[in-house]
Structures are given as C-alpha cells and as structure tokens.
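Undergrad: return a 3D structure for these sequence lines:
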Amino acid sequence: MLKNYLHLLEENIKLIGTKKILLRLHAKQKKSYKEIAIQLGIGESSYRQYIQELAHPPIWFITKLKILDSNIFSKLENTNLKFTARKQITTLPKNLSNDLAYFIGYLHGDGFLGSDKKTVGFSDEYKNQLIKINAICFKIFNKKGKIRKVKSPIGKKGSYHLEIRQNVINSFLHRVFKIPRGFKDHLEISSEIFKDKNFLKFYLMGIYDADGTLPKNPEKVKQNFIDVGVKSKKLMCQIKLALKKFEISTLKLYARKTKSIAGKKFKKPSTIWELRIRRKSEIIRFLKEIGFNHPIKKKRMKKLQKKLGL
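TA: Next up, the predicted model:
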C-alpha cells in the first residue's frame with residue numbers, strides 16, 4: 001500500500017466523498033459553525049459548505065482541519081475518495097501495482113509532466129503502444145487522453161502523441177513519485193518501486209519499452225545487444241543497480257554526446273547516459289526476467305529469442 005499521500009497533493013485539489021467523516025468531526029467539537037470557522041480562520045459560509053460537502057473541500061481546507069483533528073488525513077485515506085480540480089473527476093490508486101510501475105517507467109522514458117500542472121503526455125512512433133498506455137491510464141485513474149499524429153522534424157514517418165489533461169494525475173505523479181515537470185534531467189526510481197522486485201520488473205519493462213533498443217533483425221547482426229539511454233545519470237545508476245537484482249550485468253555507463261534528442265536541437269551537445277548489455281548470457285537473462293511489451297520491440301524480441309534458441 002502506498003503511504004498516505006493526500007497531504008502531498010496540490011492545495012487546490014478537491015476531494016469527493018468526505019461528508020460522513022467531516023460531519024462527524026464537526027459534531028465532536030460541540031461548537032457552532034461560526035465558532036469553528038473563526039477558529040480555523042475562514043468564512044462561516046465556506047466552512048459550512050465544505051463540511052456538508054455542498055462544495056467539494058480542497059486540500060488546503062483539510063489541512064486546516066488538522067487543528068481539530070491531527071489524524072484527519074489518515075481517516076480520509078481509508079475512505080473511497082474521488083478527486084477533482086475543476087469539473088473532471090478521477091480516482092487515485094491506494095496501492096502500487098504492476099500497471100502503475102510500468103506506467104511510471106514508460107513515463108520516465110517517452111513521457112512528460114506538463115509544467116502547466118495540467119497535462120501528462122507521451123510520444124511514440126507506434127500508435128498501438130499509446131493505445132495501450134491510454135488503456136492503462138484509464139485502468140489506474142479512470143481517465144483517458146487523446147491521441148493525435150504529429151509531424152517529426154527528423155523523419156518522414158511522423159509519430160503519435162498522447163495527451164491526458166488532468167490536474168489531479170499530474171499532481172499525483174509529481175508530488176508522490178517525484179517526477180519533475182517540464183525537463184526530465186533529474187529522475188529517480190521511487191523507493192516503493194525499487195524495494196519490490198516484482199514492481200521493479202514492470203518499471204524496467206516500461207522504461208526499456210520507451211528508451212531501450214535491440215536489433216531490428218537479429219539474424220543479420222554479428223553482435224547482439226540490449227541498450228537503454230536516458231539523460232539522468234542518477235536514474236541510469238539506479239537502473240544498473242536494479243538490473244543487478246535480477247543478476248543481469250551490464251557494461252560501464254557510457255556518456256554519449258548528442259546535439260539533438262527526438263528532433264530537438266541544442267546549442268550545446270547534451271549528454272545521454274547509456275547502459276549496454278552485450279554478453280549472450282546476460283541478454284538471455286534479461287529476456288527471461290524482464291523482456292519487452294512494446295508491440296514492435298516485442299516482435300524483435302521474439303526474433304532474438306529464436307536466434308538464441310529460447
């Protein structure tokens with residue numbers, strides 16, 4: 001179970017399903033609405049509306065209620081809450097799952113959190129992968145986004161973009177899993193994922209589905225390989241340690257300089273940190289323990305497995 005994170009969410013996030021607990025809290029005070037409102041430093045009308053859930057109480061209001069009950073967040077955690085910031089309603093998971101671990105891994109690779117605090121986005125050359133990510137998002141958060149085709153500045157084929165516009169999901173991923181908004185220079189695997197080998201497996205599958213590579217036609221290459229590259233050195237060091245948990249060894253971290261990433265050009269070369277798996281035994285172990293689930297990479301994996309006699 002995830003640690004109670006309600007207090008971590010942005011203060012404008014509103015809760016749905018609090019009425020029973022808040023009315024009970026109010027009754028225990030044995031004071032009038034006006035007296036308690038003054039004690040909390042808010043207007044009587046606002047206090048009354050939030051307690052009776054005539055208006056959905058925001059996080060900042062629940063924080064004020066700690067004056068009356070220091071355990072209010074813990075009590076709300078055990079209820080079936082829903083969340084909203086404006087009109088759209090979503091759910092948030094109480095437990096870490098294989099789907100959530102995979103979703104975060106893929107987000108670390110081919111996704112982003114909008115600096116506008118409203119969006120979660122993904123890009124992929126293959127639409128079917130984004131259809132799958134969209135389905136996972138709906139399973140976790142009860143929210144789907146829209147997929148559109150975009151032109152690629154570096155290729156004729158173009159790519160697809162999935163945009164999920166939902167403040168609550170953005171806040172949850174940013175505040176609970178520490179995924180930065182905007183540029184993803186400083187990423188890390190959360191302790192909840194890292195300490196559980198099963199969730200770690202699905203996280204690794206997610207990031208390798210996003211930023212991992214393997215031969216398109218294994219039968220035509222002399223050297224088999226499975227590589228992954230990201231901008232965050234800290235994340236890459238964690239990935240190396242994570243692979244060791246599955247007894248998968250890699251070559252040393254390799255710093256590759258590039259002037260463009262996904263079609264975006266930089267004035268100064270940017271560093272991509274890469275992990276490379278080259279030994280046959282380590283490649284076999286990766287395919288057995290982690291593997292790929294991206295529709296195209298999965299096809300390549302099957303070819304590689306056939307070549308390796310798996």
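Undergrad: excluding its backbone neighbours, what's nearest residue 92?
TA: residue 172 (5.4 Å; C-beta to C-beta, 6 or more residues apart in numbering). C-betas here are computed from N, CA, C, even on glycine.
Undergrad: what number of residues lie near that neighbour?
TA: Number of residues near residue 172 (other C-beta atoms under 10 Å) recorded here: 25.
Undergrad: quick one: contacts for it?
TA: For residue 172, the contact set (C-beta atoms under 8 Å, 6 or more residues apart in numbering) comprises 5, 9, 92.
Undergrad: neighbour-wise, give me the winner out of those.
TA: Busiest of the contacts of residue 172 [other C-beta under 10 Å] is residue 9, holding 23 neighbours.
Undergrad: dump the residue contacts of residue 11.
TA: Counted by C-beta under 8 Å, 6+ apart, residue 11 has contacts 58-60, 63.
Undergrad: mind running it again at 7 Å?
TA: The contact partners of residue 11, by C-beta atoms under 7 Å, 6 or more residues apart in numbering, come to 58-60.
Undergrad: quick one: it and residue 171, what's the gap?
TA: Distance of residue 11 to residue 171, computed by C-beta to C-beta, to the nearest Å: 10 Å.
Undergrad: also residue 209?
TA: Between residue 209 and residue 171 the distance is 25 Å, computed by C-beta to C-beta.
Undergrad: please apply the same query to residue 17.
TA: Distance, residue 17 to residue 171, by C-beta to C-beta: 18 Å.
Undergrad: out of the two, which sits in the busier spot?
TA: Just comparing residue 17 and residue 171: by other C-beta under 10 Å the higher neighbour count belongs to residue 171, 25 against 14.
Undergrad: what about the helices in the stretch 101-250 of the chain?
TA: Along the stretch 101-250 of the chain, the segments classed as helices by DSSP state H, counting those that start in this stretch run 127-141, 167-176, 191-194, 197-211, 233-245.
Undergrad: list the buried ones in the first one?
TA: In terms of neighbour count (16 or more other C-beta atoms under 10 Å), helix 127-141 has its buried residues at 129-130, 132-134, 136-137, 140-141.
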